[in-house]
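Visitor: Here you go, sequence then predicted model.
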Amino acid sequence: MLDDIHVFAQVVDAGSFTEAATRLNISKSLVSKQVSRLEARLQLRLLNRSTRSLSLTDAGRRFYSRCRSGLQEIDAAIEDLALMRDEPAGLLRINLPMSFGVMHVSPLLPALQQRFPELDLEVNLDDRKVELIEPAFDVSIRISDLADSSMVARRLGPCRHLLVASPEYVKANPLSDVAGLAEHRILSYRHQQSSTEWHFTHPEHGHQSVRLRPVAELNNSLAIKQMAVQGGGIARMPSFAVAEDICEGRLQQVLAGYQCPELSIFAVYPVRRYLPPKVRVFIDFMLEHIGENPAWDRALTLSDQH
């Protein structure tokens, strides 16, 4: 019916069936058919037709004045959507891991909004795996080895993990291999699947694992880091959380020859036919600032060279 109303309005605007058909790029007979169908549905004649003239009935004049403004609103809405395809706007709801969000995403958000001034942000910080169920979040950043198969995932970069402890702890509690970890004070991240069993790879010794009894399990990386800085024990930490502390001497790497399994930083979002521009620009922006060699890993490389 909306299509028939649109054709009727075009006839009135054009002043004839022939001109309306030309504007709509359809046949004159189809224009006439759609107007007649609309009149039949409304059970009112809208147009007075003759071989030489076309005029509105009283009902047609009243109907046209009301539906014309409605059609203009629809056209404006379509134009707004067309603009949104190119210029991100509206509310973007983001879910972030607590530590990574505080350290490496929140500081970037003002620059994101400066680049896209029509973008509003709603940010949730939570280390738990939060499901992306509408209308909760538009996009989430997750750090894992495998993204949820029910979501679309875009890899933003690597997430390396390191064993770290304070220089004072290392000096008082020397460690030569991973087997010795079982005798040390271990600070563990509760949300990791292997919080009590750590796995390693060594160029000469291959794959190794060790079962641990942590003296403290915490659900936040920044809290674990603070304990490690204060000499509380050895922690397995993401490099994004400890790079600055290593470079400035508050922490040092333990068993540097052993590699922890590498995770990835993902942007994930619900499966959609069309990716909203606001989500697309956020993902591209984060990829621009993370990438395959993040700034915190570059800082560690420079520190090692010195």
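Guide: On my side now, so go ahead.
Visitor: Against which helices or strands is the helix or strand harbouring Ser69 packed?
Guide: Using DSSP states H and E, Ser69 maps to helix 58-86. If you count contacts as 3 or more Cβ pairs under 8 Å, 6 or more residues apart in numbering; DSSP states H and E, helix 58-86 packs onto helix 2-14, helix 277-289. For every residue, glycine as well, the C-beta is placed using N, CA and C.
Visitor: Kindly recompute the last result at 10 Å.
Guide: Applying 3 or more Cβ pairs under 10 Å, 6 or more residues apart in numbering; DSSP states H and E, we find helix 58-86 packed against helix 2-14, helix 28-42, strand 47-49, strand 54-56, helix 277-289.
Visitor: contacts for the first one?
Guide: Taking contacts as Cβ atoms under 10 Å, 6 or more residues apart in numbering, the residues outside helix 2-14 that touch it are 17-24, 26, 30-42, 46-47, 54-56, 60-61, 63-65, 67-68, 70-72, 74-75.
Visitor: where exactly do the helices run in the stretch 101-250 of the chain?
Guide: 109-115, 167-172, 221-229, 239-247 (DSSP state H, counting those that start in this stretch).
Visitor: Select, out of those helices, the one closest to Phe200.
Guide: helix 239-247 (15.5 Å; Cβ to Cβ).
Visitor: Toward the C-terminus, what is the element adjacent to that closest one?
Guide: Immediately after helix 239-247, counting by DSSP H and E, sits strand 252-253.
Visitor: So what touches that next one?
Guide: By Cβ under 10 Å, 6+ apart, strand 252-253 touches 162-171, 237, 239, 242, 245-246, 300, 303-304.
Visitor: If we use 7 Å, what do you get?
Guide: If you take Cβ atoms under 7 Å, 6 or more residues apart in numbering as the criterion, strand 252-253 is touched by 162-165, 167, 170, 246.
Visitor: How about stretch 256-270?
Guide: By Cβ under 7 Å, 6+ apart, the list of residues contacting stretch 256-270 reads 132, 134, 138-145, 147-148, 151-162, 178, 199-202, 236, 279, 283, 286, 290.
Visitor: follow-up on the earlier one: rebuild the helices and strands packed on helix 58-86 as TSV, extending it with mean pLDDT.
Guide: Shown next, in TSV, are the helices and strands packed on helix 58-86 (pLDDT from 0 to 100):
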stretch	mean pLDDT
helix 2-14	90
helix 28-42	93
strand 47-49	90
strand 54-56	90
helix 277-289	93
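Visitor: May I see the ones you listed organised as a markdown table, with mean neighbour count and distance to Arg250 added?
Guide: Compiled in a markdown table, the helices and strands packed on helix 58-86 are given as follows (neighbours: other Cβ atoms under 10 Å; distance: least, Cβ to Cβ, whole Å):
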| stretch | mean neighbour count | distance to Arg250 |
| --- | --- | --- |
| helix 2-14 | 18 | 66 |
| helix 28-42 | 16 | 75 |
| strand 47-49 | 14 | 82 |
| strand 54-56 | 15 | 81 |
| helix 277-289 | 18 | 24 |
